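J.: need the 3D shape of this:
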Amino acid sequence: MTQGAQGNRRIDRVLAGDFLDDITKAPMDQVRAMRKDAEQEETDLSYLRRLLQGRLDILRAELARRSGDGTGSLVDQLPHILADEGGAGGAHGLGRHVTVEPSRADSHRRHVEALVADVDLSDPSSHDEASLRRALETLEGEEQEVSEKRRAVQRVMDACTAEITRRYRDGDADVSDLLPSDTAS
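T.: All right, here's what the predicted structure looks like:
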């Protein structure tokens, strides 16, 4: 994960109890940088959460198929399982517009793969139900933890956005600073 000046991970900085302290006194550039850090962390957590949810949906579909609730082979069901409207949980996001890409996609994939290293999700039918249920419990716990962190990061983003908005509304910041300068004059 991204390291800061004190050697802290970005997620640790963004979720630190004092991250938003004195936000009303911080220079505008610092508030924007704080929001940018929170936005990047939210993007990374959202990506990690989607990875977890995809694997959860596959495991749930395999277990449902085994219990007689599923139809057809798991391979035949994959397009529906992995579609946004498919899977047990339905739509998984809050509809925030994402303007950045995940900064740690490879490490997130490795992390999720390590969580269920004993269950090869490319062929869940080759595993007994007990191992699938253990993998499901592991992934559900991780997804819950990631979701809680994501909500906390979103609260930080919202606080930074609210402060920026307040400054423009109250005249403490000038909207013209956002416009490109005309240097051709």
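
J.: now the helices for the chain?
T.: 10-14, 28-67, 74-82, 105-115, 129-169 (DSSP state H).

J.: residue 115 reaches residue 140, doesn't it?
T.: No: contact between residue 115 and residue 140 fails when scored by C-beta atoms under 8 Å: they sit 10.7 Å apart. All C-beta spots, glycine's among them, are computed from the backbone N, C-alpha and C.

J.: the more surrounded of these two?
T.: residue 115 (17 against 14; other C-beta atoms under 10 Å).

J.: who touches that one in this structure?
T.: Taking C-beta atoms under 8 Å, 6 or more residues apart in numbering as the criterion, residue 115 is in contact with 135, 138, 139, 142.

J.: of these, which pair is most distant in space?
T.: Comparing every pair within the contacts of residue 115 by C-beta to C-beta identifies 135 and 142 as the most remote, at 10.7 Å.

J.: find the nearest non-adjacent residue to residue 154, please.
T.: Leaving aside its chain neighbours, residue 154 sits nearest to residue 42 (5.9 Å; criterion: C-beta to C-beta, 6 or more residues apart in numbering).

J.: my guess is that neighbour contacts residue 151. True?
T.: No: counting by C-beta under 8 Å, residue 151 is not a contact partner of residue 42; they are 9.6 Å apart.

J.: sorry, back to before: of all the contacts of residue 115, which comes closest to residue 21?
T.: residue 142 (30.1 Å).
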